[in-house]
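Undergrad: No sequence on hand, only this structure:
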């Protein structure tokens, strides 16, 4: 039974707690392998940044730092005050020295950095906190491209739903891919994203490729969404005839090759829109859509929003980082 301790504080992000907590709880129902505990500076009601009241069963004076397998520090606006709470930082430091895994979600990386336990590590955080983390902690190697990073026993993730991707990766490390996939399906998580390859997401509802030829075709699409991925090209990569490739791809992945390519391109475009100022027309050419109008039509059909509106809405979320 692995004990997972979730560290929260006033004005934390509730999804940084609830998302990973539910991942571990679903995994527990399948395996009986986890004991989840929520700890705060003081036991009792803790109000999240959104105003949601959350009950912490333990205060730092109540939960022994020994016996914790994985420590997960939530992020949120309140981290700027929490990382100057000496008692909290000392408890996280004591617990972190003993744990098998030391993890942080979103801006929780700033609290973890205050302990000194992750000095020299490669870490990530929410993109809106990147400059702050780089400026205040030059001892860290900050990389905000991946949605989560593992550096030895230290795991850090970007914000919001990336916390669930991180938790799934931890479950997979403990119990294997089958359990992690089952948890994601049960939670209706549309995408399962593989950390360092985060710029390209794989539809979770699809099957995992069972054969090397189809895995090679999927890998080629994921590696360069904007490249030419006709049936002939993918068949050549897989070493199969075009007809055989189409049949096996649909059987193993669950969708035809063209549909898979479009979904991966959409995910790459979503990330580019969220992180940069590249013109839509240039982005459309780079990612294989051909024209900005095609990209706009695909976004409207799949997401119900135009690329420019998507970019504006995502940037409006920055204030919550």
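TA: That came in fine, so what should we check first? Every value quoted in this text rests on a predicted model; they were computed, and no experiment measured them.
Undergrad: For the stretch 201-321 of the chain, which segments are assigned as strands?
TA: Secondary structure of the stretch 201-321 of the chain (DSSP state E, counting those that start in this stretch): strands located at 202-203.
Undergrad: Run through it and note the low-pLDDT ranges.
TA: Across the stretch 201-321 of the chain, the stretches falling below the confidence threshold (pLDDT under 70) are 201-207, 313-321.
Undergrad: what do you get if the cut-off is 50, keeping everything else the same?
TA: Along the stretch 201-321 of the chain, segments meeting pLDDT under 50 span 201-205, 317-321.
Undergrad: so what secondary structure elements neighbour the one helix or strand residue 166 maps to?
TA: In this structure, residue 166 is located in helix 162-175 according to DSSP states H and E. Packed against helix 162-175, as judged by 3 or more CB pairs under 8 Å, 6 or more residues apart in numbering; DSSP states H and E, are the following elements: helix 14-31, strand 101-105, strand 148-151, strand 154-157, helix 177-186. (C-beta placed from N, C-alpha, C; glycine too.)
Undergrad: roughly how far out does it sit from the chain middle?
TA: Averaging C-alpha positions (CA atoms, centre = their mean, to the nearest Å) puts helix 162-175 9 Å from its chain's average.
Undergrad: for this protein, what spans make up the helices?
TA: Secondary structure of the chain (DSSP state H): helices at 14-31, 79-82, 86-98, 108-113, 130-136, 162-175, 177-186, 212-223, 231-238, 242-253, 257-275, 280-286, 292-303, 307-316.
Undergrad: which residues are in contact with the fourth one?
TA: Going back to what we said before, that points to helix 108-113. Contacts made with helix 108-113 from outside it, assessed by CB atoms under 8 Å, 6 or more residues apart in numbering, are listed as 7, 16, 72-76, 79-80, 82-83, 88-89, 92, 96, 102, 104, 118, 123-125, 129, 132-133, 136-137, 140, 154, 156.
Undergrad: again, 7 Å this time
TA: Under the contact criterion CB atoms under 7 Å, 6 or more residues apart in numbering, helix 108-113 has outside partners 16, 73-75, 79, 82-83, 92, 102, 104, 118, 123, 125, 129, 133, 137, 140, 156.
Undergrad: Ok, the third one next?
TA: Outside helix 86-98, the residues that touch it by CB under 7 Å, 6+ apart are 5, 7, 9, 41, 60, 65-66, 68, 71, 73, 82-83, 102, 111, 114-115, 117.
Undergrad: so how far is residue 145 from the most centrally placed residue in the chain?
TA: By CA atoms, centre = their mean, the chain has its centre lying nearest to residue 162, at 2.3 Å. Noted for residue 162: a distance of 12 Å to residue 145, by CB to CB, to the nearest Å.
Undergrad: who's in contact with residue 234?
TA: Residues touching residue 234, when contacts are defined by CB under 7 Å, 6+ apart, comprise 217, 220, 245, 257.
Undergrad: can we see that at 10 Å?
TA: Applying CB atoms under 10 Å, 6 or more residues apart in numbering, one finds that residue 234 lies in contact with 213-214, 216-218, 220-221, 228, 240, 242, 245-246, 249, 257-258, 260-261.
Undergrad: and what of residue 125?
TA: Under the criterion of CB under 10 Å, 6+ apart, the contact list for residue 125 reads 75, 79, 104-110, 112-113, 132-134, 140, 142-144, 149, 156-159, 162, 321.
Undergrad: Which among those count as buried?
TA: In the contacts of residue 125, burial by neighbour count holds for 75, 79, 104-110, 112-113, 132-133, 140, 142, 144, 149, 156-159, 162, 321, counting by 16 or more other CB atoms under 10 Å.
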